[in-house]
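Q: Coordinates for the following, if possible.
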Amino acid sequence: MYLCAMLKTTLLKAVEAGAIELRRYFNDAGLKISNKEGINNWVTEADHAAEKAIIDVIRAEHPGHFILSEEVGEIIMDSEVKWIIDPIDGTINFASGIPLCCVSIGVEKNGEMILGAVFNPFINEMFFAQKGFGATLNENKIQVSQKKEVLHSCLVTGFPYTYLDMPNGPLQVFERFIRKGIPVRRLGSAAIDLCWVAAGRFDGFYEHSLQAWDTAAGYLIVEEAGGKVTDMNGNKYSPYQRQLVASNGWIHEELLAVINNKKTL
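A: Take a look at the predicted model:
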């Protein structure tokens with residue numbers, strides 16, 4: 001418990017340090033942008049500045065901890081604790097002046113996610129979860145929705161920068177839902193998508209290609225808010241898997257069946 005308390009203090013400091021950089025660079029007409037693999041897979045100087053600020057906080061307080069971060073990759077240390085960092089989840093939104101972006105940090109101990117924080121400084125929403133202690137939004141407890149049917153749900157998804165030509169790919173699954181009039185939103189930040197499932201704003205979220213830093217914090221927040229997170233086959237989820245389905249739990253099996261083309265709505 002003492003270790004968790006120390007890690008929580010550092011986590012919240014690190015998230016705020018990253019958010020300071022997001023605020024500093026937001027709507028900066030001179031923001032420097034480069035491109036990673038794929039079309040429109042941007043990285044900005046704000047990503048690098050936020051990442052450095054976050055890592056500086058962690059290294060100052062826990063210099064021996066393992067770090068996995070989107071831009072610098074792995075900083076490997078012989079430690080049971082790993083910090084999984086996305087300095088800006090929703091970089092396209094951020095660089096376009098759209099305030100749907102966030103800092104996302106998960107803390108893993110011996111392979112189990114124990115802490116997660118996602119902070120959108122532009123609408124002042126701090127989501128936090130500790131394993132076994134529930135999930136909060138701005139320190140108020142949150143829980144998933146109670147919708148029981150996919151047909152009456154509000155869903156959210158995302159699309160990869162490089163289209164995945166595969167059975168039941170992103171466009172095929174998307175079409176199944178929208179042809180039935182089911183609202184499917186696309187916010188551009190997987191971390192926010194997960195947190196909004198946790199808060200009951202969305203009933204389900206699915207995506208075909210994600211990285212550990214996209215989901216490490218958010219999936220714990222969903223689970224601690226009473227929701228369910230699996231891969232697309234319904235197996236136990238790990239942030240090191242690419243595919244994810246998150247829901248309020250009530251619609252989960254039906255959602256999986258539609259995604260896998262085993263049920264028609």
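
Q: Could you use CA atoms for every contact and neighbour count after this?
A: Noted.

Q: For residue 86, which three-state class applies?
A: strand (DSSP: H, G, I helix; E, B strand; the rest coil).

Q: Please tell me how far it sits from residue 98.
A: 18 Å (Cα to Cα, to the nearest Å).

Q: And for residue 167?
A: Taken as Cα to Cα, the span from residue 167 to residue 98 is 32 Å.

Q: The two: which has the busier surroundings?
A: Using other Cα atoms under 10 Å as the criterion, residue 167 and residue 98 rank with residue 98 on top: 16 against 10.

Q: SS state for that one?
A: Residue 98 - assigned by three-state DSSP - is coil.

Q: show me where the stretch 101-250 of the chain has helices.
A: 170-178, 190-198, 212-224 (DSSP state H, counting those that start in this stretch).

Q: How many neighbouring residues does the residue nearest to residue 110 when sequence neighbours are not counted have?
A: The spatial neighbour of residue 110 that comes closest, neighbours along the chain excluded (Cα to Cα, 6 or more residues apart in numbering), is residue 80 at 5.0 Å. Residue 80 has 13 neighbouring residues, counting by other Cα under 10 Å.

Q: who touches residue 80 in this structure?
A: Residues near residue 80 by Cα atoms under 8 Å, 6 or more residues apart in numbering: 65, 66, 109, 110, 111.

Q: domains in this protein, as residue ranges please.
A: For the chain, automatic domain parsing gives the domain ranges 2-141, 150-259.

Q: So the residue nearest to residue 110 versus residue 46, what's the distance?
A: Distance from residue 80 to residue 46, by Cα to Cα: 30 Å.

Q: For the helix or strand of the chain with the lowest mean pLDDT, name the packing helices and strands.
A: Every helix and strand of the chain was ranked by mean pLDDT, DSSP states H and E. The lowest is strand 33-35, at a mean of 73. Using 3 or more Cα pairs under 8 Å, 6 or more residues apart in numbering; DSSP states H and E, the elements in contact with strand 33-35 are strand 42-44.

Q: run the last query once more with 10 Å
A: Counting contacts by 3 or more Cα pairs under 10 Å, 6 or more residues apart in numbering; DSSP states H and E, strand 33-35 is packed against strand 42-44, helix 45-61, helix 91-95.

Q: Among these, which comes closest to residue 244?
A: helix 91-95 (20.3 Å; Cα to Cα).

Q: Not counting that closest one itself, show me its contacts.
A: The contact list for helix 91-95 (Cα atoms under 10 Å, 6 or more residues apart in numbering) reads 22-23, 25-29, 31-33, 40-44, 46-47, 88, 97-102, 187-189.

Q: What residues of that helix count as buried?
A: 91, 92, 93, 94, 95 (16 or more other Cα atoms under 10 Å).
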